[in-house]
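A.B. asks: Kindly generate the corresponding structure for this input.
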Amino acid sequence: MKSLSDALLYGILDLGYTPAADLERVAEQMLAGGVDVLQLRAKGQDETEIESLCARIIPLTESAGVPLIINDYPQLVPSMGAQGAHVGQDDFSVADARWRAGRALAGEVPLPIIGKSTHSFEQAVAAEKDGADYIGFGPLFATPTKPGRPAIGLEDIARVHAAVRIPIFCIGGIKLENLDTIIAAGARRVVIVSGLLRAPDIAAYARAAKERLIRGPR
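C.D. replies: Residues are numbered from 1 along each chain as shown. Sure thing, here's the model as predicted:
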């Protein structure tokens, strides 16, 4: 399984953009393009439906050696065999999410990965202190993925990277066309949602983004 510390490109399989019928096809393309972490986001779906969706894609992520993260439902991690969960500022605390997602018995299996959404420097520092394994930092730009959430801009990216040691995935309105600017501001890792899911060739788009992240600042 790929290590979170080595991850650069985080993909979200968001049912707001991807019809459920296309789930496997889109997941396969994202994985083929080199996505290092894959999150399932299915807002408005109940737990039974999310379990069904997870069951369809987890063979693909396991085969690719890519961690599968479940958005909002840490309690589903043990039964689905996912690698972790992602929670928002208004959802579970990191400790509560880890307890719900916990499946380690006498050290036989790894502890679940818990990611936390953060929208300011202060929230990012607090999430690390609270024990998050990684954070999402944003939205950098206004995005329909997070309606009503104001953009935070690029000014604090370098500051957050200097203060926070866990992996930081910048998120929100990130696309290939603005990736250079985001990397120049100090980002090392990113989440791409609509740009990736709406691309005519998802695998090629992911490869291009990954290659740019690997090159780093110019």
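A.B. asks: helices and strands around the one helix or strand residue 85 maps to, which ones?
C.D. replies: Residue 85 is part of strand 84-87, with elements assigned from DSSP states H and E. Helices and strands touching strand 84-87, by 3 or more C-beta pairs under 8 Å, 6 or more residues apart in numbering; DSSP states H and E, are strand 68-71, helix 94-101, strand 113-118. Using the backbone N, CA and C atoms, a C-beta is placed for each residue, glycine as well.
A.B. asks: for this protein, which helix is longest?
C.D. replies: Using DSSP state H, we find that the single longest helix of the chain is helix 47-64.
A.B. asks: And the contacts of it?
C.D. replies: Contact with helix 47-64 is made by 13, 15, 20, 23-24, 27-28, 31, 38, 40, 42, 45, 67-68, 70, 73, 75-76, 79-82, as judged by C-beta atoms under 8 Å, 6 or more residues apart in numbering.
A.B. asks: Ok, stretch 196-212 next?
C.D. replies: By C-beta under 8 Å, 6+ apart, stretch 196-212 touches 8-9, 11, 13-14, 17-18, 26, 29-30, 32-36, 176, 179-180, 183, 190, 192, 195.
A.B. asks: quick one: which of those residues sit in helices?
C.D. replies: Per DSSP H, the contacts of stretch 196-212 map to helices at 26, 29, 30, 32, 176, 179, 180, 183, 195.
A.B. asks: Which of those has the largest number of neighbours?
C.D. replies: residue 30 (28 neighbours; other C-beta atoms under 10 Å).
A.B. asks: That one reaches residue 10, doesn't it?
C.D. replies: No - under the criterion of C-beta atoms under 8 Å, residue 30 makes no contact with residue 10, lying 10.3 Å away.
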